[in-house]
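How does the following fold in three dimensions:
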Amino acid sequence: MLVPKNEPYTLIELIDKIPLEKPGIRNPLFQIRSGSTNTQLNSNIQIECIETWDNNIYVGTSDGSIINFMINKYPQNENKFIDGTFSYYKSECHYVQRKTVSDKKPINKIIIIPSESILLVLCDNSIVFLESNSLNSIPPAKLSPIKNVLNVCTDEAVTSNLQICIAKRYSIEYVNFDHGVHQLMEFPHNFSNILKMKCYSNKVCIADNDSYYIFDITTGESIPLFSHNQAYGKPLLNVLDKDEFMFVTSTAQGMGLGVFVSPKGDATRGTLQWKYYPNSIAFQYPYVLALMDDNALAIHNILDQKLIQNIYIPKDVQQPIRIANVRLVFIDNDQQDDAKNLNIKVLLYSSNKLFALTMKPIDFQLKEMMNGKYVNYALFLLEHDIFKDEYYVEIKEAKLRQFYRNAGYVLMKETLFDDALECFKKGSVSPINLINLFEEYRIPTPLTSPIKLEYNDIIPDSINTLITNHMNKNYKDIDETTKISFSQAFYENAKNMLMKYLKFSRKNQIASGKKQEIDTTLLKLYIENNDKKLYDLIKKENYCNIEESIEILKEKKKYYAMGLLYQSKGLFQKALEIWLKIESKQLKDTDFPGIQFIVDFLSNTEDKELVWKYSKWVLNENQKLGAKIFMSEKHKDLDQNNVVSYLEKKWNEAALIYLEYLIYVIKTKDSSFHTNLGLSYIKSIIEYTKTSMDKFEQIDKDFNDVSENLSYISYLKSNKSNEIINCRLKFLNFIQTSEYINPSHLLKKLAKYEILMIEKVYLYSKSFEHEKALKILLHQLNDYNGAEEYCHENQKKCEKQKLAMKISTSDINEINNQTKDSPNLSDLHLNSLPKKNESLYLTLLRLYIKMENRDLLAPKIIKLLNSSYQEFSIKEVLDIIPLHWSLNILNSFLTRSIRNSIHIEQQTKIIKNIVKGENTNVKMVLNKHLDKIPPLIIDNNTKCSLCDNEILEEKFFKTSNGKIVHFNCYNKINK
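Predicted coordinates for the structure are as follows:
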């Protein structure tokens with residue numbers, strides 16, 4: 001990364017001759033002149049320390065004096081920076097007063113406490129207190145001197161200087177000077193000496209005779225760091241921040257090293273390097289200033305540890321020279337804006353001159369870098385928090401955004417569009433500004449005029465102008481064809497940058513008030529690039545200008561996208577009209593997903609009118625997909641009867657699918673739907689009979705070939721691959737499982753179709769007309785195995801039906817009493833029962849015997865008797881079988897039947913005796929219990945405790961607490 005030759009600091013001469021001699025040697029009332037002289041006035045007296053506050057300067061001398069100066073003239077130049085050069089001239093100061101603290105000992109340190117108007121002065125290992133305005137000593141009664149002091153410093157976390165850290169010979173104290181001296185903390189130490197110290201909050205950086213330490217004044221713990229060598233110079237240290245300190249040490253060769261350390265003693269960044277050990281150091285974020293022996297001031301940036309500037313001190317400045325951190329303010333009385341006051345944080349002084357080191361404002365330095373094409377370094381500084389605590393948070397964030405925007409424009413001029421994009425994102429540049437750089441997307445608003453940046457740069461009129469200028473500057477000698485190719489590539493890169501930034505801005509507050517322009521421009525970009533992201537944009541909520549966008553989409557033949565845009569704006573009918581035209585080949589758009597997309601749309605729309613109107617088109621195209629529209633969650637509220645009626649008009653397949661949905665998914669119990677589904681299945685089967693009757697006949701013929709081993713239904717199930725058989729099985733399965741069909745309606749439909757015999761069998765079974773079903777199996781299908789299976793499957797159902805139809809005589813009589821004028825319910829019920837109360841097996845046997853070929857069927861009849869002997873009575877069988885049949889063929893049946901009868905009889909006796917024994921046991925327990933209970937006497941005075949009426953009935957109830965209640969009263973309460 002190229003580091004600019006940035007010169008952030010300039011010297012301002014504050015005092016060209018410092019009168020260090022005491023009164024009596026020379027009159028201290030003098031006039032500071034703008035010129036300089038080489039006359040040596042103070043050969044033996046030196047400045048030991050300096051303290052400042054506001055526009056006051058306090059100088060501590062080696063002969064024990066304190067001299068007070070005051071700045072009385074603001075540097076005369078309204079334009080502080082011109083063409084990157086600093087133009088301040090000499091400032092004028094005047095002498096105020098002088099105070100002698102000691103005749104022999106030097107002033108080691110001066111600290112001002114502004115809020116208390118106190119100067120704290122360290123001299124001869126003692127701290128004395130002076131008034132800052134008059135330099136008069138404060139009486140000991142008010143503030144007594146502090147003795148045995150090695151060093152003192154302020155807590156740099158507190159700007160008021162009210163908290164002071166004092167190092168004594170054996171302890172370190174933390175003192176508050178708010179309205180007197182208040183000791184807050186004190187901890188002992190074992191340092192050999194304390195030559196240098198700096199404090200920030202609870203951490204104190206200390207240098208003793210040999211090493212550096214970090215001392216915690218809240219716990220008394222000390223962290224040793226590394227050694228220093230006083231042969232190269234005094235120990236140097238400084239506080240950079242609450243989480244970072246700097247200590248200066250040296251290599252064995254005498255080279256100076258600046259080490260950055262955290263409060264825990266860990267290194268925080270790379271080290272600074274000097275050719276030799278500095279005389280003194282100062283810090284002003286982000287720069288460390290080090291004064292070297294050759295009168296050079298080396299200035300490094302701590303963010304990258306690079307040497308930024310060297311300042312050479314004029315030769316007429318007497319040695320020794322020192323620098324120090326201070327707080328000094330130039331106040332311009334002619335200016336109303338406080339921002340034009342000049343804050344000085346670093347002073348450079350010798351025994352005869354005093355200079356202020358003024359740093360150019362950070363934002364001005366950044367502008368210079370960008371103008372000088374050092375954008376990357378400026379960005380590096382921005383990313384490393386160059387502004388730090390320079391401004392309030394809101395102002396700081398605004399300035400950061402401003403510089404990122406400016407950096408983006410500079411990078412864009414160099415056609416570094418990807419880098420510019422990142423800067424624009426961080427700078428939250430207005431999307432309109434970028435859009436207006438492209439002539440074909442330019443928005444006709446006042447914003448299209450050029451925008452001046454704060455550093456007097458101007459956004460180019462168009463991206464074309466920018467690319468042309470770049471080509472003319474960097475590609476002068478290439479041929480025209482190559483130049484055009486390069487220009488097109490740059491333009492595509494620029495459009496890609498715009499597209500990415502607009503996508504980014506859509507998700508941020510940057511888009512506020514500009515959403516329509518952003519989305520409409522994005523739509524144009526996607527169309528030009530044939531980018532599928534176009535559909536992601538318009539499928540969701542968007543702010544595209546409908547008229548302009550439709551016109552562009554129509555021009556580019558993006559009909560599917562047109563429909564999506566209409567849909568996003570709530571114009572559903574227009575969207576559907578376009579999609580129907582695409583599907584019906586009136587319009588061509590290969591991106592359209594097909595009819596399923598229309599089905600999905602109609603399935604999810606809230607507009608029921610659209611559903612009824614456009615589902616007709618879908619049903620005509622594909623009945624299965626059309627039925628799905630009405631089966632969606634959104635349309636569960638549609639009247640099911642209306643839907644069924646609507647579908648049954650023209651679309652039988654769709655009606656069947658919808659009815660299956662109602663019965664198998666919704667689980668409807670509506671008999672009409674069940675019956676309609678059965679009729680739909682029949683219609684489907686009948687359709688096959690119209691075109692494929694020979695296939696039905698072939699099915700029966702094939703069955704006859706295998707009928708000895710299979711039933712008719714088993715044969716059908718073994719041939720499911722046959723389309724006709726599969727359709728018939730679907731109907732038969734439905735008949736078996738549905739409890740709500742009306743069999744008579746379905747039988748009427750099947751009446752004239754002789755070929756559909758098995759279907760009739762199932763329907764007769766459903767209506768409990770078992771004899772009719774068995775006759776079909778025996779006489780028309782010759783399905784003897786099926787007849788026997790029929791009995792097995794339906795006998796239990798028949799028994800359940802008889803049990804369910806037994807209504808107690810008392811209930812029927814009660815109903816008849818309530819409805820005397822109506823027909824007797826018992827008669828109606830009896831009419832619904834079968835005429836013969838016999839088992840299906842006996843019915844089947846009778847049908848077998850009545851057949852003309854009964855003798856040929858004797859083996860099948862005997863098989864039936866032997867396999868189901870439990871279901872037959874011997875007497876009934878003997879009464880039915882022909883007289884000419886030998887009893888020998890019934891031998892197996894008779895043996896099994898007699899054994900079964902004997903077994904049942906014996907089993908019944910056992911159960912009867914067990915029940916009798918159980919009843920006897922219960923009676924004995926009851927009698928024992930009654931013997932213990934005294935007799936309960938009911939007389940005319942006994943009343944029910946619930947209704948308070950007399951107990952006149954035979955039935956009454958005694959509760960657990962001994963109360964007598966009517967039996968009916970008790971039942972009413974406990975219901």
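
you'd agree S126 is up against P145?
Yes. Using C-beta atoms under 8 Å, S126 is in contact with P145, at 5.3 Å. From N, CA and C alone the C-beta is placed, and that goes for glycine too.

Check the protein and tell me which residue is nearest its centre.
Residue closest to the average C-alpha location in the chain (C-alpha atoms, centre = their mean): K507, at 13.7 Å.

how close does that residue get to Y543?
Look at K507 and Y543: by C-beta to C-beta, to the nearest Å, they are 13 Å apart.

after the lengthiest helix in the chain comes which helix or strand?
For the chain, the helix with the greatest residue count under DSSP state H is helix 891-932. The helix or strand immediately downstream of helix 891-932 is strand 956-958, counting by DSSP states H and E.

Which residues does the next helix-or-strand element following that next one contact?
Toward the C-terminus, strand 956-958 is succeeded by strand 964-966 as the next helix or strand (DSSP H and E). The contact list for strand 964-966, computed with C-beta atoms under 8 Å, 6 or more residues apart in numbering, reads 936, 938, 942-947, 949, 951, 953, 955-959.

follow-up on the earlier one: check the offset of the longest helix of the chain from the chain's centre.
Distance of helix 891-932 from the chain centroid (C-alpha atoms, centre = their mean, to the nearest Å) equals 74 Å.

Output the contacting helices and strands for that helix.
helix 858-867, helix 874-880 (3 or more C-beta pairs under 8 Å, 6 or more residues apart in numbering; DSSP states H and E).

Tell me what angle that helix forms with helix 858-867.
20 degrees (axes from the mean of the first three to the mean of the last three C-alpha atoms, to 10 degrees).

per-residue confidence averaged over helix 891-932?
If you average the pLDDT over helix 891-932, you get 90.

And stretch 778-790, by the same measure?
91.

From one end of that stretch to the other, what's the distance?
One end of stretch 778-790 sits 11 Å from the other (C-alpha to C-alpha, to the nearest Å).

what sits up against it?
Looking at what lies outside stretch 778-790 - C-beta under 8 Å, 6+ apart - the contacts are 700, 703-704, 707, 709-714, 757-758, 761, 765, 770, 773-774, 777, 840, 844, 847-848, 851, 857, 860, 864, 867-868.

which parts of it are buried?
778, 781, 783-790 (16 or more other C-beta atoms under 10 Å).

next one: that stretch to chain centre, how far?
Counting by C-alpha atoms, centre = their mean, stretch 778-790 is centred 67 Å from the centre of its parent chain.

ok, now stretch 524-538?
26 Å.

now do the same end-to-end measure for that stretch.
So stretch 524-538: terminal residues 12 Å apart, C-alpha to C-alpha.

domains in the chain, as residue ranges please.
With domains defined by the TED database, the chain comprises 148-277, 362-511, 768-805+837-902, 936-974.

would a markdown table of the ones you listed with distance to V644 be doable?
Formatted as a markdown table, these follow (distance: least, C-beta to C-beta, whole Å):
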| stretch | distance to V644 |
| --- | --- |
| domain 148-277 | 77 |
| domain 362-511 | 47 |
| domain 768-805+837-902 | 28 |
| domain 936-974 | 47 |
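
Least confident of these, on average?
Minimum mean pLDDT among those: domain 362-511, a mean of 79.

quick one: the strands in the stretch 101-250 of the chain?
107-113, 118-123, 126-131, 149-154, 163-168, 171-176, 182-188, 196-200, 203-207, 211-216, 222-227, 236-241, 244-250 (DSSP state E, counting those that start in this stretch).

Mean neighbour count for these - can I get that in JSON lines?
As requested, these are exported to JSON lines (neighbours: other C-beta atoms under 10 Å):
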{"stretch": "strand 107-113", "mean neighbour count": "21"}
{"stretch": "strand 118-123", "mean neighbour count": "24"}
{"stretch": "strand 126-131", "mean neighbour count": "19"}
{"stretch": "strand 149-154", "mean neighbour count": "22"}
{"stretch": "strand 163-168", "mean neighbour count": "22"}
{"stretch": "strand 171-176", "mean neighbour count": "19"}
{"stretch": "strand 182-188", "mean neighbour count": "12"}
{"stretch": "strand 196-200", "mean neighbour count": "23"}
{"stretch": "strand 203-207", "mean neighbour count": "25"}
{"stretch": "strand 211-216", "mean neighbour count": "20"}
{"stretch": "strand 222-227", "mean neighbour count": "14"}
{"stretch": "strand 236-241", "mean neighbour count": "20"}
{"stretch": "strand 244-250", "mean neighbour count": "22"}
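
Let me know which of those is the nearest to T920.
Across the strands of the stretch 101-250 of the chain, T920 has its closest neighbour in strand 211-216 (96.8 Å, C-beta to C-beta).

tell me which element Y715 is part of?
helix 712-717.

Quick one: residues in contact with that helix.
Under C-beta under 8 Å, 6+ apart, the answer for helix 712-717 is 699, 702-703, 706-707, 725, 728-729, 732, 758, 777, 781, 783, 785-786, 789.

Just list what whichever helix or strand comes after that helix packs against, helices and strands only.
Scanning forward in sequence from helix 712-717 by DSSP H and E, the next helix or strand is helix 723-737. Counting contacts by 3+ C-beta pairs under 8 Å, 6+ apart, helix 723-737 packs against helix 671-706, helix 712-717, helix 757-766.

now, of those helices, which is deepest in the fold?
helix 757-766 (a mean of 23; mean count of other C-beta atoms under 10 Å).

Tell me which residues are up against that helix.
Residues outside helix 757-766 that contact it (C-beta under 8 Å, 6+ apart) are 682, 685, 712-713, 716, 728, 731-732, 735-736, 741, 743, 746-747, 750, 770, 772-773, 776-777, 780-781, 786, 790, 794.

for the following helix or strand past it, packing partners?
In the C-terminal direction, the helix or strand that comes right after helix 757-766 (DSSP H and E) is helix 770-775. Under the contact criterion of 3+ C-beta pairs under 8 Å, 6+ apart, helix 770-775 touches helix 757-766, helix 784-804, helix 840-850.

can you give me how far the last one is from the chain middle?
To tie it back to what came earlier, the one meant is helix 840-850. On C-alpha atoms, centre = their mean, the centre of helix 840-850 falls 75 Å from the chain's centre.

list the buried ones in it?
840-845, 847-848.

Helices of the stretch 401-550 of the chain, start to end?
417-427, 431-435, 463-474, 480-506, 515-529, 533-539, 546-555 (DSSP state H, counting those that start in this stretch).

need the contact list for the residue nearest to I510 when sequence neighbours are not counted.
Taking C-beta to C-beta, 6 or more residues apart in numbering, and ignoring the residues beside it in sequence, I510 has S428 as its nearest neighbour in space, at 5.1 Å. Shown in contact with S428 (C-beta under 8 Å, 6+ apart): 401, 405, 508, 510.
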